[in-house]
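*Asks:* here you go, sequence then predicted model.
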Protein chains: 2
Amino acid sequence: MSHSPSPVQVILRKRSGEAHPPGEIEAFIEGFVDGSVTDYQMTAWMMAVLFQGMSRQETARLTRAMIASGHSLPAWAEGPPVIDKHSTGGIGDKVSLIVAPLAAASGLRVPMISGRSLGHTGGTLDKLEAIPGYRVDQAPAGFRAIVERVGVSISGASNDLVPADRRMYALRDVSGIIESPPLIVSSILSKKAAARLDGLVLDVKVGSGGFMPTQGKAEELARMLCTAGSDLGMKTEVILSGMDEPLGRTVGNALEVAEAIDVLKKQNPDPRLTELCLEIAAAMLRVGGESDAKSRRRVEEGWSSGRGLERFAAMIQEHGGDPRVTEDPSRLPRAASTRKVEAREDGWIQSVDARAVGDLVVDLGGGRRRAEDRIDPRVGIEFFCATGAQVKAGQPLAEIHLPETGSAEEFEERLQESIRIDSEPPSRGAIILGRVRST
Amino acid sequence: MSHSPSPVQVILRKRSGEAHPPGEIEAFIEGFVDGSVTDYQMTAWMMAVLFQGMSRQETARLTRAMIASGHSLPAWAEGPPVIDKHSTGGIGDKVSLIVAPLAAASGLRVPMISGRSLGHTGGTLDKLEAIPGYRVDQAPAGFRAIVERVGVSISGASNDLVPADRRMYALRDVSGIIESPPLIVSSILSKKAAARLDGLVLDVKVGSGGFMPTQGKAEELARMLCTAGSDLGMKTEVILSGMDEPLGRTVGNALEVAEAIDVLKKQNPDPRLTELCLEIAAAMLRVGGESDAKSRRRVEEGWSSGRGLERFAAMIQEHGGDPRVTEDPSRLPRAASTRKVEAREDGWIQSVDARAVGDLVVDLGGGRRRAEDRIDPRVGIEFFCATGAQVKAGQPLAEIHLPETGSAEEFEERLQESIRIDSEPPSRGAIILGRVRST
């Protein structure tokens, strides 16, 4: 019995708060993959994990077992450090589009396996698909070849990279089992470790529009991520960043690609978005072995020289996309009509509710409620003012890029409700809320 | 959203420890029955219930929603009180076979819907099927007619009596979600309330071989059962009984039927088993409206007069079985070979491990590991001495009724290990450990 416990015995062990002995989690995940552990048994176990937690050793064993469920990428050839970045997802988060080419321009290899949108947060792959011709479905060999040629590729995961995670995540999503730190950690890190990274930077969003509601919870998750990353042989750094308001000036797929290009070109970039991107790219250099002192400077050099934008254009070309969008963003798809949203009173913008904006963009057609929903790349919101700005009644606050159908008045009303104007200037937190590194 | 929350919202509500508002549990159970709530979502919710509990109101709403998933029996005609008895299951528990006819002989109508064995505890239906010809699968109309004619029927549930419970129990069984008091209560009481009982007596087993390991936990469950039974319009009494040793002298299907007949005939009945049966039958009369003072006396009269045995024979005949087994137990199937087990030392029997004996009988073929396993009615164990008896080395302790295959030596060794003999007489607890009644 101790050698091969039944699924129900494994569930009872976790339910009662005991730790799984070595081999038990591994057998359970293997059984899930081969069908001898059912979906509902996996769900029962994950719910028990949510209530009872898992030790560092259990989390590492779970992550390795998930990796073993599929085919990892082959080892990388000798060369620059192989570093990736992952975000827990936020509204208007186009950071990956900016930092991946910036990090490549600074000498790293960046094999970024990314995901699609679900719920109110956008997906990097959906954003890239707004670029005419861009193919996110690269086979592992092609993906590797692009990284070796131009230093960076952002692609979707192949079906056989950590299939256990794909199925476990789908169950968690519809069974109320998302917010379990050990399950979050194993889900994120299994895919990253299967790509055989040397190092990893994680952007954990804190606040009403982010993944973790409080900084305390976020720091706890950050420490687990760093420890577990280190246990898997990846140098790991976590940036905690604020997500009470949308990140940058745009929310929506084509609009965010255009904004990313503006940032790479240093064309009036949003300061908070810029700061976060430069910090994350610098952290990627740090986990790749660069010193604290030089890492930020090297990133800024790559940015100012235009090499970041070049890497972005080269990556688009390698993926079958039209690289001319980097010179001429009007080549991106655009909504047929827009609606201006003006301030209704004088005052200071107190807050912009990130979650409400995310939900609105989903309803415009820019995100998914269900995995099978189709996305309209053109729709979204462009903000002209951010939290803290002083505005006059009648001044344009934002523009909604509208879908073919739906009531422009209603969309405007919802956006108005998400922007709070008050008679006093607000206090606005910094974008970078903390850093945690593996030791 | 408040009107029709999604399955994941219902799960999140219970996960976070909130109570479900009226209508929410009902919609969730309806969704489970119609397929819009998946097995894994139901499992996730039940695991959350196990950790977070449910209020009295939630438990009542769940139970009613489960009843509404199927067809209840039609209301009973005017006549004697309609009373049933249910046990949480123990090793050698043939109490139903004895008390159902005794209660009918005392003037009650006893429509007993019973179950099959799973794991180490035996099922009443499996025991009755040891009687040649006995059919447990009565249609609701036939079941009612037997109860009206002879006062008692013990049958299996029809498929449309509380189908939600059947499916929920199957999920709980293989997902480690059995030991949740509100889920236990709703599972037991939904089936009993769907039979439109006036009253119900529950035998909750306490101890190593029983359902609840400690008396405190058992009393908590008993109070919940009484409250919930009362909320559903059934007068309810719970008897807490000890289950550290097998109940009575036999474990195994045909052997237990023979013992039940011996008890009904007053042929050297085991005193603890007899005491429990008379107390449960008296409690059935009490919840049917008889006074405390008279109920036990009426049961003893029905027993001594032989009317209990008559009811048992009549019920067997109505179910197509051979009633002559009540006069001649050699008509029951018997194992082809047996093996005597003798004391290896002088001393007192300290304990007989009920759970180990139950597992042994399952391995003899007398119980099921999985629902599809077939049962051999002939196998089992007959004890010649009980806990507390003084024995001499070489004295027969028990006889194993053997299956066609398997090592008699190994079976004997396992039985020897389950019987502990020591040099001092043990202290043995009473069979009746407590009573809880609905107020």
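*Replies:* Structure received. Because the structure is a prediction, the values reported are computed rather than measured.
*Asks:* hey, let's count contacts and neighbours off CA atoms from now on
*Replies:* Fine.
*Asks:* just give the number of residues close to residue A:298.
*Replies:* Counted with other CA atoms under 10 Å in any protein chain shown, residues neighbouring residue A:298 total 19.
*Asks:* right, I mislabeled it, should have said residue A:185
*Replies:* Residue A:185 is flanked by 22 other residues according to other CA under 10 Å.
*Asks:* same check, this time on residue A:142
*Replies:* The local packing of residue A:142 (other CA under 10 Å) involves 14 other residues.
*Asks:* buried ones in the helix or strand hosting it?
*Replies:* Using DSSP states H and E, the element containing residue A:142 is helix A:140-150. Residues of helix A:140-150 classed as buried: A:140, A:143-144, A:146-148, A:150 (neighbour count, 16 or more other CA atoms under 10 Å in any protein chain shown).
*Asks:* what residues does chain A put near chain B?
*Replies:* Contact residues, chain A versus chain B (CA under 8 Å from any CA of the partner chain): A:7-9, A:11-12, A:15, A:39-41, A:43-45, A:47-48, A:51, A:171, A:174-176.
*Asks:* low-confidence bits of chain A, can you list those?
*Replies:* Low-confidence segments of chain A (pLDDT under 70): A:1-3, A:117-122, A:439.
*Asks:* swap the cut-off to 80 and go again
*Replies:* Across chain A, the ranges flagged by pLDDT under 80 are A:1-4, A:115-122, A:208-213, A:370-371, A:438-439.
*Asks:* list the contacts of residue A:34.
*Replies:* Contacts for residue A:34 (CA atoms under 8 Å, 6 or more residues apart in numbering or on different chains) come out as none.
*Asks:* and it, how far from chain B?
*Replies:* 17 Å (CA to the nearest CA, to the nearest Å).
*Asks:* quickly find the element holding whichever residue of chain A sits closest to chain B.
*Replies:* With CA to the nearest CA, the shortest gap between chain A and chain B falls at residue A:40, namely 4.0 Å. Counting by DSSP H and E, the element that carries residue A:40 is helix A:39-52.
*Asks:* which element follows that helix toward the C-terminus?
*Replies:* Using DSSP H and E, the first helix or strand after helix A:39-52 is helix A:56-68.
*Asks:* for that next one, the distance to its chain's centre please.
*Replies:* Its chain's C-alpha centre and that of helix A:56-68 lie 22 Å apart, by CA atoms, centre = their mean, to the nearest Å.
*Asks:* and that helix, what does it pack against?
*Replies:* helix A:24-34, helix A:163-175, helix A:181-194, helix A:215-231 (3 or more CA pairs under 8 Å, 6 or more residues apart in numbering or on different chains; DSSP states H and E).
*Asks:* can you give me the buried ones in it?
*Replies:* By neighbour count with 16+ other CA under 10 Å, helix A:56-68 contains the buried residues A:58-68.
*Asks:* just the closest of those residues to residue A:406, please.
*Replies:* Distance to residue A:406, by CA to CA, is smallest for residue A:66 among the buried residues of helix A:56-68, at 42.9 Å.
*Asks:* so where do the strands sit in chain A?
*Replies:* A:83-87, A:110-114, A:152-156, A:199-206, A:235-242, A:250-251, A:338-342, A:347-352, A:380-383, A:390-391, A:396-401, A:419-422, A:432-437 (DSSP state E).
*Asks:* and the angle for the second one with strand A:83-87?
*Replies:* The reference is to strand A:110-114. 30 degrees (axes from the mean of the first three to the mean of the last three CA atoms, to 10 degrees).
*Asks:* what is strand A:110-114 packed up against?
*Replies:* strand A:83-87, helix A:95-105, helix A:140-150, strand A:152-156.
*Asks:* which strands border it, and is each parallel or antiparallel?
*Replies:* strand A:152-156 (parallel) (DSSP bridges).
*Asks:* quick one, the strand it pairs with and helix A:95-105 angle?
*Replies:* Using the same axes, to 10 degrees: strand A:152-156 against helix A:95-105 is 150 degrees.
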